[in-house]
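> I'd like to go over a predicted model; first the sequence, then the structure.
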Protein chains: 2
Amino acid sequence: MITAEIISVGTELLMGQILDTNAQYISQRLTEAGINLYFRATVGDNHDRLFHAIQTAASRADIVILTGGLGPTEDDLTKETAADVLGLDPDFVPDEESLERMLARFAQNRRIMTENNRKQVMFPKGAIILPNENGTAPGCILEKDGKAIILLPGPPREMRPMFDASVMPYLRKRGEGIFCSRVLRVYGLGESAVEDKLRPLIDTQTNPTIATYALTGETTIRVTARCQNKEEGSRLLEPTIQAIEELLGHVIYSSDGMPLEQVCANLLLQSKKTIAVAESCTGGLLASTLISVPGSSAFLMEGCVTYSNAAKMRRLGVQADTLATYGAVSKETALEMARGMRKSAGVDFALATTGIAGPDGGTAQKPIGLVYVGLAYAGGETVHEMHFVGDRNRIRELAVLEGLDMLRRHIQEIE
Amino acid sequence: MITAEIISVGTELLMGQILDTNAQYISQRLTEAGINLYFRATVGDNHDRLFHAIQTAASRADIVILTGGLGPTEDDLTKETAADVLGLDPDFVPDEESLERMLARFAQNRRIMTENNRKQVMFPKGAIILPNENGTAPGCILEKDGKAIILLPGPPREMRPMFDASVMPYLRKRGEGIFCSRVLRVYGLGESAVEDKLRPLIDTQTNPTIATYALTGETTIRVTARCQNKEEGSRLLEPTIQAIEELLGHVIYSSDGMPLEQVCANLLLQSKKTIAVAESCTGGLLASTLISVPGSSAFLMEGCVTYSNAAKMRRLGVQADTLATYGAVSKETALEMARGMRKSAGVDFALATTGIAGPDGGTAQKPIGLVYVGLAYAGGETVHEMHFVGDRNRIRELAVLEGLDMLRRHIQEIE
């Protein structure tokens, strides 16, 4: 199994001025190509430190992939430094095709090509040139003694197409086998509890492997198989995924990485049901989350953000008595909100949220994090009292997840 | 000048499953603290490779900052490996305060604490404990022979507050001189246009320096001064910030990094005005964005997500004629939505959005990205026709920004 390392080059990265999305993109592609990635590094536009970083990576890995530092300016020196590490001839030669492409580009943009742009189309002799369809700096692959150094431009909109068009085919040729993986998503069970339940599986599995990690309010489980092709991958993954489903049961809401709002959307579309939402503490986040799913206009009829008591009464018909007796944050109010929304919108389901998201407004009886989520449906209703921990926005996000999971469980008839 | 290195720990990073925003955040803070950062590394949850990475970083830098691998599971071994590198006693001791905090947390969540969670509150003797206000895993600082290894949790919402509350004071003590920076935020002018206008300033400035970068729909400008203390920092920053404000004018909505929704919230609170929102294509995102500001119940009275025509008529009194003649996505409908919302909610301002967010529903006359944003106020109303480019969620985010900026400009009486 061959190994690669990624080096992101640029002082602006070390200053935190830009987020390094290239490293993630390339990491995903390497996984697909079945190439091991053990290290990533980030280094500034400095010859000595860059030289040391490339040398270290090349001493450990078969392939070193660098992004950034191919520009026209003085401090763009990735190509020169990489050639230096491999001991290649420092007299670079122009790549005629790239030069023509660049001249045409400048002509098209009615810009004059400055001398320093020429630097971008000069390469070590024998370099494999990677055309840049979206910018002036071509990439290249430098090979020596079985090692390969791949140089790519920094801007993602130039790097990504170049990677897919030119680098992936090169990697696939060198990679042995591929990785196939599936993601299962869990709501209602923390990462450590999930790991406890899966411990026997995790400890005995070598291929596929099982890894858990935590997202806001949920746990995801990634099952990854090393295989020769997608078909073999599915054959390897299926039994493990079934075993996980048996161990965890209904807390798994998705076995293919699908987010909860998409799962709910599909359930509503399949059952041809409609929904409306009445939100106090989540304040539009529940509607917004459902609407982020394309085609949501087919099932989400409307929503109300009834932040004030007046709005709860006028829009949803919540009784003044209820608000006076039990308060706006109560089981009773949540249910009246859901009931009122379902009735006025004429939908199959209505979800309602009311709670205390903080940072103010908490009391001993009703602390910050107390949220009631109500669901009204034909012939019934249900309400959950939740005690969430976290800041204002986390509490709102958790309330949205709880509401969506209540809907999922109701439609799937899970108790 | 002391130097630091950052190591991001996690196999999920190397597999490209998550984007490493922590490294950028910490890089920015180190710059502010006046600490040099020459290398960043990413390594998986593997003892030997992690050991080697920490050892290499510690041999070059005074401070090594690690994120990730503090979780309860077996593959979380950052703490153990770091202690190993420093040659500390492998018999960890529990931090009682952290243990109590964790027990309270589980009690509040009504969840049972599993044994492996206890691992998170065990530390090498003499470790400086960094409390975690937003999760179960505290961080810590390990010191030996003038070197410091700082261990932080991986989830950004746990790491960032911990870094600001506990790590920054520690770094400031060790840093020589500091960086002070201010962020100006711009809506309505792209990054390259902003940079063009600021070019003379950027080229002549050495201290403070000026850096621009692009966010969704806006441009931010970071002005950074190297100085001995905050007072000197302000003295250095002020003239440059004024110069930028003169060059860019009203497209700057914030000169202190404040997001647009907070600017709008402050304007509404200062002027004691109230607002309600009627949303079609933004579907709750506008309300949700305003409600993300603490204390928003003082000015946001309510919101409606009127996705269907029926809801637009019933909730907002939009005329059937209007919908039939001009369509749901039209100037006229946007204005009737805003008018109707303002009237029924009895508020000073109402914002309304209607548009085509895609991926379906676009036509030659009304392409995807066409959005109308209406604002109704005492004695008047205004509507903007926007043509946004991007996917469904980007179009919705841009529509929200446009609505908030319309409100800002109206209250600030900017033409």
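That came in fine, so what should we check first? Numbering: from 1, shown residues only, chains lettered A, B, ... in the order given.
> how's chain A carved up into domains?
Here the domain parsing of chain A from automatic domain parsing is A:3-174, A:178-254, A:260-414.
> Do any residues in the longest one lie close to chain B?
Right, the one you point to is domain A:3-174. Yes - applying Cβ under 8 Å from any Cβ of the partner chain, one finds domain A:3-174 touching chain B at A:12-21, A:23-31, A:37-44, A:46, A:49, A:53. C-beta: built from backbone N, CA, C; applies to glycine.
> Quick check: end-to-end length of that domain?
10 Å (Cα to Cα, to the nearest Å).
> what about it, distance to the chain center?
In terms of Cα atoms, centre = their mean, to the nearest Å, the centre of domain A:3-174 is found 25 Å from the chain centre.
> From residue B:111, how far out is residue A:169?
49 Å (Cβ to Cβ, to the nearest Å).
> out of the two, which sits in the busier spot?
Comparing residue A:169 with residue B:111 by other Cβ atoms under 10 Å in any protein chain shown, the one with more neighbours is residue B:111, at 16 against 10.
> Report the contact partners of that one.
A:190, A:193 (Cβ atoms under 8 Å, 6 or more residues apart in numbering or on different chains).
> That one should be in a helix, yeah?
No - under DSSP: H, G, I helix; E, B strand; the rest coil, residue B:111 sits outside any helix and is assigned coil.
> tell me the phi and psi of it?
phi -120, psi 150 (degrees, to the nearest 10).
> Please work out how many residues are found near whichever residue of the stretch 101-250 of chain A sits closest to chain B.
Ranked by Cβ to the nearest Cβ, the top residue of the stretch 101-250 of chain A for proximity to chain B is residue A:192, at 4.1 Å. Residue A:192 is flanked by 23 other residues according to other Cβ under 10 Å.
> Next: residue A:247.
Residue A:247: 14 neighbours (other Cβ under 10 Å).
> residue farthest from the centroid of chain A?
residue A:321 (45.7 Å; Cα atoms, centre = their mean).
> returning to that earlier point: tell me which of the domains of chain A is the most buried.
Of all those, domain A:260-414 carries the top mean neighbour count, a mean of 21, counting by mean count of other Cβ atoms under 10 Å in any protein chain shown.
> Assess the claim that residue A:275 and residue A:352 are in contact.
No - using Cβ atoms under 8 Å, residue A:275 is not in contact with residue A:352, being 11.4 Å away.
> Which residue, neighbours along the chain excluded, lies closest to residue A:262?
residue A:293 (5.5 Å; Cβ to Cβ, 6 or more residues apart in numbering or on different chains).
> ok, that neighbour - contacts?
Contacts of residue A:293 (Cβ under 8 Å, 6+ apart): A:261, A:262, A:265.
> ok so, going back, so which of the residues of domain A:3-174 next to chain B are in helices?
If you go by DSSP state H, those have A:12-14, A:21, A:23-31, A:49, A:53 in helices.
> Chain B contacts on the stretch 151-300 of chain A?
Contacts of the stretch 151-300 of chain A with chain B, taken as Cβ under 8 Å from any Cβ, map to A:181, A:190-193, A:195-196, A:211-214, A:216, A:222, A:224, A:277, A:279, A:282-288, A:290-292, A:294-297, A:300.
> In helices only, show me those residues.
Reading helices off these with DSSP H, I get A:191, A:192, A:193, A:195, A:196, A:285, A:286, A:287, A:288, A:290, A:291.
> residues in contact with the closest residue to the last one other than its chain neighbours?
It stands for residue A:291. In space, and not counting its chain neighbours, residue A:291 is closest to residue B:283: 3.2 Å by Cβ to Cβ, 6+ apart. Contacts here follow Cβ under 8 Å, 6+ apart; on that basis residue B:283 touches A:287, A:288, A:290, A:291, A:292, A:296, A:300, A:303, B:305, B:307, B:396.
> just those residues now: which is nearest residue A:390?
Ranked by distance to residue A:390 (Cβ to Cβ), the contacts of residue B:283 are led by residue A:288 at 18.9 Å.
> Please, where are all the helices along the stretch 51-200 of chain A?
Ranges of helices in the stretch 51-200 of chain A, per DSSP state H, counting those that start in this stretch, are A:78-86, A:96-108, A:115-118, A:156-162, A:168-174, A:191-204.
> mean pLDDT for these: which is lowest?
Within those, confidence is poorest for helix A:115-118, with a mean of 79 (mean pLDDT).
> helices or strands next to it in the packing?
helix A:96-108 (3 or more Cβ pairs under 8 Å, 6 or more residues apart in numbering or on different chains; DSSP states H and E).
> Go through the contacts of residue A:293 and flag which are in helices.
Among the contacts of residue A:293, the members found in helices (DSSP H) are A:261, A:262, A:265.
> Quick one: those as CSV, columns for pLDDT too.
Formatted as CSV, these follow (pLDDT from 0 to 100):
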residue, pLDDT
A:261, 98
A:262, 97
A:265, 98
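> Any chance of a markdown table for these, columns distance to residue A:335?
Formatted as a markdown table, those follow (distance: Cβ to Cβ, whole Å):
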| residue | distance to residue A:335 |
| --- | --- |
| A:261 | 23 |
| A:262 | 27 |
| A:265 | 24 |
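> Can you tell me which of these is closest to residue A:370?
residue A:261 (23.9 Å).
> Check the spacing between that closest one and chain B real quick.
The gap separating residue A:261 from chain B is 12 Å, by Cβ to the nearest Cβ, to the nearest Å.
> Enumerate every residue touching that residue.
So residue A:261 contacts A:289, A:290, A:292, A:293, A:404 (Cβ under 8 Å, 6+ apart).
> Could you do residue A:89 as well?
Neighbour list for residue A:89: A:83, A:124, A:125 [criterion: Cβ under 8 Å, 6+ apart].
> unless I'm mixing things up, residue A:6 is touching residue A:23, no?
Yes - contact criterion Cβ under 8 Å: residue A:6 and residue A:23 qualify, at 5.4 Å.
> Show me whatever sits in contact with both of those two.
What both residue A:6 and residue A:23 touch, as defined by Cβ under 8 Å, 6+ apart, is the set A:40, A:67.
> returning to that earlier point: could you export the contacts of residue B:283 as a markdown table, including distance to residue B:383 and pLDDT?
Shown next, in a markdown table, are those (distance: Cβ to Cβ, whole Å; pLDDT from 0 to 100):
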| residue | distance to residue B:383 | pLDDT |
| --- | --- | --- |
| A:287 | 23 | 96 |
| A:288 | 22 | 96 |
| A:290 | 26 | 97 |
| A:291 | 22 | 94 |
| A:292 | 25 | 92 |
| A:296 | 25 | 94 |
| A:300 | 25 | 96 |
| A:303 | 22 | 96 |
| B:305 | 19 | 96 |
| B:307 | 20 | 88 |
| B:396 | 18 | 95 |
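> Let me know the pLDDT of residue A:110.
69.
> where does chain A have low pLDDT?
A:109-111, A:415 (pLDDT under 70).
> Residue A:201 contacts residue A:210, correct?
Yes - with contact defined as Cβ under 8 Å, residue A:201 and residue A:210 form a contacting pair (6.0 Å).
> between these two, what contacts are shared?
A:240, A:244.
> Can you name the residues of the stretch 301-415 of chain A sitting close to chain B?
Within the stretch 301-415 of chain A, the positions adjacent to chain B are A:301-308, A:310-311, A:314-315, A:344-345, A:358-360, A:369, A:387-394, A:396 by Cβ under 8 Å from any Cβ.
> Residue A:281 and residue A:392: what is the separation?
According to Cβ to Cβ, residue A:281 stands 9 Å off from residue A:392.
> which residues do these two both contact?
Joint contacts of residue A:281 and residue A:392 (Cβ under 8 Å, 6+ apart) are residue A:357.
> which residue ranges form the helices in the stretch 251-400 of chain A?
Using DSSP H, counting those that start in this stretch, helices in the stretch 251-400 of chain A cover A:260-270, A:285-291, A:309-316, A:320-326, A:331-345, A:392-411.
> That'll do, ta.
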